[in-house]
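> quick one, what's the 3D model for this:
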Amino acid sequence: MSSAPATTDRNDLDQIEGDISRAVQALIRRQRHDGHWVFELEADATIPSEYVLLRQYLGEPDAPELERKIGVYLRRIQGEHGGWPLFHGGAFDISASVKAYFCLKMIGDSPGAPHMARARSAILAHGGAERANVFTRILLAQFGQLSWAHVPTMPVEIILLPRWFPIHLSRMSYWARTVIVPLLVLAALRKHARNPRGVDIQELFATTGRSEPRLAAHVHRGWALFFNGLDCVLKAVEPLWPKKMRQRAVERCVRFVTERLNGEDGLGAIYPAMANSVMMFDALGYASDHPSYATARRSIEKLLVVHDGEAYCQPCVSPVWDTALAAQAMLEVQQDEAEAAALRGLDWLRPLQELEARGDWSERRPQVRPGGWAFQYRNAHYPDLDDTAVVVMAMDRARRQLGDMGAGETGAGALGVRITKQPHPEERPGGLHLEGSATEQGLRQRFSNDVVCSPSVETAAARPPQDEDFLGLRPSTPMAAGPGPGYDQAIARGVEWIAGLQSGNGGWAAFDADNVDHYLNNIPFADHGALLDPPTADVSARCISMLAQLGETTENPVVRAGLDYLEREQMPDGSWFGRWGVNYIYGTWSALCALGAIGLDGTTPSVRKAADWLIAIQNGDGGWGEDCTSYKLDYRGYEPAPSTASQTAWALLGLMAAGEVDHPAVARGITWLRQHQDTAGLWRQDAYTGGGFPRVFYLRYHGYPAYFPLWALARYRNLRRANSRRVAYGM
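Numbering: from 1, shown residues only. Below is the predicted model:
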């Protein structure tokens, strides 16, 4: 690999120092008093519209000022096509548009108003409200706008099926489980919304016959014929279900919800599940002051974002993700004030690690101990691997970079373990064994610039496993020296949990292992195509990055299986798909971080091809951008999109991980970031660069343009001033 050196000189680096300092101060100003960061998390018009309609379903007292502000928000994000898109500047989406129109009419907008007339015309032009997705049709049925006959049947009795049954809740993703279980009760009871204002939207239906929606693009026609036939059978036999069985099923659903209610953070800590749980309690006749009902209802209010002029409802909150990533950026800065802010964030994160609750993930991995972090403030049943890997890497970096400030042992040897593949107790893939780690000498060679202490943890090689241990690993005890926190135990448990949730194909998913029953995405209830949580390249790369940062090598079978998975997932053009970030830029950055952390550089074909792809798609202005339409099923390669701050930062971090810090493309990208930083130290970004469900649900992380550009600038400065061009950490 050869490239012309960048022209950045020492004067340029000195000027970048000022840009970094302004970004640091902007991020510190947004840090909460207890040390954590949490930025707004914005989706499309769906959630705020559903929030208003939920209040009308329950018949709650009017909130005119809140409704007024939500109305301002919805009118502002209406698209030029007349309807509402799934992301900023996106195409018309019929489901989001139907809900937004219904919400605006509910709060008093006249159907004759110009914006309403344009929306109605667009909806009718796309086939009418009957063409909306399943969840929208359920809402319409609840409000008496559509017959339940136009909603796919999911009998509540499905909760009673044995686990081996092909259609079972345990085979679905966590978000599907938490949304569907209370929805099963609602579909069984079919209670009508109170709708005290008596608002209807019959004008949005194109025909009196209520034609069925078109087949979803992801659905296989053979499976569709089978499941549609099954749906007809279920509709015919549903009135014949024994009443006692139905009552038992409803009670089982209520137990499921109650056990996972998650306090005021809500069921699954996501709005659709939280709203369904409230409606379920209401439909069952619970009083509004019943502890479960009241707790579930309060959880939704915590998702509101209310500004002076407008308001909206978030789909969830992202404090762990924001704090872990902001801490990573601050550690990259390598300045006292930034590092102190990072430590405050990590101290806030440490007690949020779930060490007790055996969540739904344990159904497939019963031998694994808990040890993960959730995305939200609390979500004990549903921690996620992506957050956990990022938190672990940040804590490990802090203890190595800051020495006694980070307390506990420094270097990869602090864990004192080696992760190796062993036969699973039930002969399923994923069982792991932990044994004595690499030598201190080997660790000194790997982390030559870091202080490495001798391992203090007692390993399986030194003693027989105890009942309270998982596969022979006992968490290490932090060193007594140093005033700061010790992260050893938290890191050890996080690694243990992530390693235990590797899927059989070598990859990692976000919440579960081996959640790969793809035929389920063909059931009529899954027209969004997101019923599963299969392994993905971005999450897998993060887990590999973590293991590599902690000293694991390609000789380790767990790492080797993960790398083999990544190699299989690489696209012909050299990129990787980004499931949780938009899209191939995000996936490619993630993968290049992992490959770089494990020691691969531009002489490796996969790294070379990925770096060349990033260089080739750089915009003429020096930045990078990619649109949410890249998730389309007929994707045929990168399509240019306007540059954004977060995607430019990802591309830069990816190229630097590949050893390309001196490439002119990197210098141009750094220049783009510097030119687009505002006087407050931040970057403006309206684009949605976060993934929810491909083709269905996208996210605008307001924190992404605050910490990712800072991270890229600081890393560029550090590498340009260093003797080595190699990134020393997993991210």
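> and Pro162, what element?
In the assignment (DSSP states H and E), Pro162 maps to no helix and no strand.
> look up the closest residue to it, ignoring the ones flanking it.
His168 (7.5 Å; CB to CB, 6 or more residues apart in numbering). C-beta: built from backbone N, CA, C; applies to glycine.
> give me the pLDDT value at the spatially most central residue of the chain.
For the chain, the residue nearest the mean C-alpha position is Trp580 (5.4 Å; CA atoms, centre = their mean). Looking at Trp580, its pLDDT stands at 96.
> for Leu261, same thing?
For Leu261, pLDDT reads 95.
> which stretches of the stretch 301-450 of the chain form helices?
Ranges of helices within the stretch 301-450 of the chain are 319-333, 336-349, 385-401, 440-446, based on DSSP state H, counting those that start in this stretch.
> distance between stretch 678-693 and the chain's centre?
16 Å (CA atoms, centre = their mean, to the nearest Å).
> select, out of the helices of the stretch 301-450 of the chain, the one closest to Ser575.
Taking CB to CB, helix 385-401 is the member of the helices of the stretch 301-450 of the chain nearest to Ser575, at 19.1 Å.
> show me what counts as buried in the closest one.
For helix 385-401, burial by neighbour count (16 or more other CB atoms under 10 Å) applies to 385-401.
> then stretch 624-640?
Quick answer for stretch 624-640 (16+ other CB under 10 Å): 624-631, 638.
> tell me which residues are up against that stretch.
Applying CB atoms under 8 Å, 6 or more residues apart in numbering, the contact partners of stretch 624-640 are 86-87, 90-91, 217-218, 573, 575, 582-585, 613-614, 617-619, 641-644, 647-648, 650-651, 669, 687-689, 691, 694-695, 698.
> pretty sure Lys609 sits against Pro572.
No. Using CB atoms under 8 Å, Lys609 is not in contact with Pro572; the gap is 9.1 Å.
> which one's more surrounded, those two?
The residue with more neighbours, out of Lys609 and Pro572, is Lys609; 17 against 7, by other CB atoms under 10 Å.
> what about the nearest residue to the more buried one once chain neighbours are set aside, which helix or strand?
Ranked by CB to CB, 6+ apart and with sequence neighbours excluded, the top spatial neighbour of Lys609 is Gly574, at 3.4 Å. Assigned by DSSP H and E, Gly574 falls within no helix or strand.
> can you pull the contacts of Gly574?
By CB under 8 Å, 6+ apart, Gly574 lies in contact with 588, 606, 609-613.
> so which of those is the most crowded?
Thr588 (32 neighbours).
> wait, what's in contact with that one?
574-576, 578, 610, 613-614, 651, 654 are the contacts of Thr588 under CB under 8 Å, 6+ apart.
> do you know how far it is from Ser606?
In this view, Thr588 and Ser606 are 11 Å apart by CB to CB, to the nearest Å.
> again, but for Ser646
When distance is defined by CB to CB, Ser646 is 24 Å away from Ser606.
> so where's the stretch 351-500 of the chain uncertain?
404-485 (pLDDT under 70).
> does Gly681 touch Ala26 like I think?
Yes. With contact defined as CB under 8 Å, Gly681 counts as touching Ala26 (3.5 Å).
> list residues touching both of these two?
The overlap between the contact sets of Gly681 and Ala26 (CB under 8 Å, 6+ apart) is empty.
> element containing Arg75?
For Arg75, the enclosing helix or strand under DSSP H and E is helix 64-76.
> elements contacting that helix?
Helices and strands touching helix 64-76, as assessed by 3 or more CB pairs under 8 Å, 6 or more residues apart in numbering; DSSP states H and E, comprise helix 46-58, helix 94-106, strand 304-306, strand 311-313.
> and of those, who's closest to Thr295?
Thr295 lies closest, by CB to CB, to one member of these: helix 46-58, at 15.0 Å.
> by how many degrees do the closest one and helix 64-76 diverge?
Helix 46-58 and helix 64-76 are oriented at 140 degrees to each other (axes from the mean of the first three to the mean of the last three CA atoms, to 10 degrees).
> among the contacts of Thr588, name the ones in helices.
Cross-referencing the contacts of Thr588 against helices under DSSP state H gives 610, 613-614, 651, 654.
> relative to Pro61, which of the residues you listed is nearest.
The closest of those to Pro61 turns out to be Ala651 (CB to CB; 49.7 Å).
> report how many residues lie close to that closest one.
31.
> how near is Tyr57 to Arg177?
Applying CB to CB, the value for Tyr57 to Arg177 is 22 Å.
> let me redo that: Leu520
Relative to Arg177, and taking CB to CB, Leu520 is found at 12 Å.
> likewise Asn583?
Counting by CB to CB, the gap from Asn583 to Arg177 is 26 Å.
> where are the low-confidence patches of the chain?
1-11, 207-231, 233-235, 237, 404-485, 525-529.
> what segments of it are strands?
Per DSSP state E, the chain carries strands over the ranges 41-42, 304-306, 311-313, 418-421, 432-435, 690-693, 697-701.
> could you list the buried residues of the third one?
This points to strand 311-313. Buried, per 16+ other CB under 10 Å, within strand 311-313: 311-313.
> what helices or strands is that strand leaning on?
helix 46-58, helix 64-76, strand 304-306.
> do you know which of these lies nearest Leu13?
Ranking those by proximity to Leu13 (CB to CB) places strand 304-306 first, at 38.2 Å.
> for the closest one, buried residues please.
Val305.
> quick one: distance of that strand to the chain centre.
21 Å.
> what lines up beside that strand in the sheet?
strand 311-313 (antiparallel) (DSSP bridges).
> what's next to the partner strand, contact-wise?
When contacts are defined by CB under 8 Å, 6+ apart, strand 311-313 is touched by residues 42, 47-48, 50-51, 66, 69-70, 72-73, 271, 300, 303-305.
> which of the contacts of stretch 624-640 are buried, as a PyMOL select command?
Of those, the buried ones can be selected in PyMOL as follows, counting by 16+ other CB under 10 Å:
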select buried, resi 86+87+90+218+573+575+582+583+584+585+613+614+617+618+619+641+643+644+647+648+650+651+669+687+688+689+691+694+695+698
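> does Pro524 touch Ile167 like I think?
No. Using CB under 8 Å, Pro524 is not in contact with Ile167, being 11.5 Å away.
> looking at the two, which is more packed in?
More crowded of Pro524 and Ile167, by other CB under 10 Å: Pro524, with 21 against 16.
> apart from its chain neighbours, what residue comes closest to the more buried one?
Nearest to Pro524 is Pro152, by CB to CB, 6+ apart, at 3.5 Å.
> ok, the one you found touching Asn522?
No. At 11.6 Å, Pro152 and Asn522 do not qualify as touching, with contact defined as CB under 8 Å.
> of those two, who's got more company?
The residue with more neighbours, out of Pro152 and Asn522, is Asn522; 23 against 19, by other CB under 10 Å.
> follow-up on the earlier one: adding distance to Ala119, write the helices of the stretch 301-450 of the chain out as CSV.
Putting the helices of the stretch 301-450 of the chain into CSV (distance: least, CB to CB, whole Å) gives the following:
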stretch, distance to Ala119
helix 319-333, 33
helix 336-349, 42
helix 385-401, 36
helix 440-446, 59
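> closest to Leu532 out of those?
helix 385-401 (15.3 Å).
> top helix in this structure by residue count?
Counting by DSSP H, the longest helix found in the chain is helix 10-29.
> show me the contacts for the residue of the chain positioned farthest from its centre.
Centroid-distance maximum for the chain: Leu240 at 41.0 Å, with CA atoms, centre = their mean. Counting by CB under 8 Å, 6+ apart, Leu240 touches no other residue.
> hmm, back to that, Tyr377 is nearest to which of the helices of the stretch 301-450 of the chain?
Comparing those by CB to CB, helix 319-333 comes nearest, at 5.6 Å.
> name the helices or strands packed onto the closest one?
Packing partners of helix 319-333 (3+ CB pairs under 8 Å, 6+ apart): helix 10-29, helix 336-349, helix 385-401, helix 704-721.
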